[in-house]
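Q: for reference, the sequence and a predicted model appear below.
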Amino acid sequence: MPRTFVAVAVLALALALFIPHRAMAQQKPMQLTAMDIFEIQQLVAKYAKYIDTCSNNGYDYADLYTPDGAFIPDVPGQKVPPFVGRERLAEASGGGSRGCKNVGWIKQGVRHIYVNHIIEPTPEGAKGSVDMLMIGLGGDPNKIQHDGYYEDTYVKTAQGWRFKQRLHHARLSGGQPANAAPAAPASGTSK
């Protein structure tokens, strides 16, 4: 009797370990159509337009995400909590309770541009990466600076493609390189 019990337990354990792995192996990425790719590209283009203008008090930006979607800033040397949910996402773009007032990048006339966009299908939708450029930092309309990249998770909803998660790997903090070297002393000064 004990041998039978042990054999059944080993078989049950083997099945418990095998079945989830087999199910995962059978999950294939969804097929993305040309229209899916185009709509995801438009999602990213709208992101730039809406964050640059704080349109609809930031809610146009927030509505690019799923209801539980998250924008996660990753700024070197800083702990920045994620923005989750419509109200917090509107605030991330300068709107919501902030009322689109004193939004640094808007005051400077900054425009966001996203380049090198790569989109790959996943079983749940798609994932992507895209580089971020900013034009106009410090009020100089000719200044272009790279501010890291995004890692995105996209899902198709009844309203179209939306961000489930957007992780921004920033290189800048307040428009300055996050890992800037200390300023050199002015010439003629002693240490």
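A: Arrived safely.
Q: can you pull the contacts of the most centrally placed residue in the chain?
A: Closest to where the C-alpha atoms of the chain average out (C-alpha atoms, centre = their mean) is residue 166, at 1.7 Å. Contacts for residue 166 (C-beta atoms under 8 Å, 6 or more residues apart in numbering) come out as 47, 65, 69-72, 150-153. Glycine gets a C-beta too; all of them are placed from N, C-alpha and C.
Q: the residues you listed in strands, which ones?
A: 65, 69-72, 150-153 (DSSP state E).
Q: that's a strand at residue 51, yeah?
A: No: judged by DSSP: H, G, I helix; E, B strand; the rest coil, residue 51 forms no part of a strand; its state is helix.
Q: go ahead and confirm it touches residue 61.
A: Yes: proximity of residue 51 to residue 61 meets the contact threshold set by C-beta atoms under 8 Å, at 5.5 Å.
Q: low-scoring pLDDT stretches of this structure, where are they?
A: 1-26, 172-191 (pLDDT under 70).
Q: if we go to 80?
A: Within the chain, the ranges that satisfy pLDDT under 80 run 1-26, 77, 172-191.
Q: where do the strands sit along it?
A: Using DSSP E, the strands assigned to the chain run over residues 65-74, 83-84, 111-121, 126-135, 144-157, 160-169, 172-173, 176-177.
Q: tabulate these (JSON lines), appending distance to residue 38.
A: Rendered in JSON lines, the data for these read as follows (distance: least, C-beta to C-beta, whole Å):
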{"stretch": "strand 65-74", "distance to residue 38": "19"}
{"stretch": "strand 83-84", "distance to residue 38": "27"}
{"stretch": "strand 111-121", "distance to residue 38": "10"}
{"stretch": "strand 126-135", "distance to residue 38": "12"}
{"stretch": "strand 144-157", "distance to residue 38": "13"}
{"stretch": "strand 160-169", "distance to residue 38": "10"}
{"stretch": "strand 172-173", "distance to residue 38": "30"}
{"stretch": "strand 176-177", "distance to residue 38": "34"}
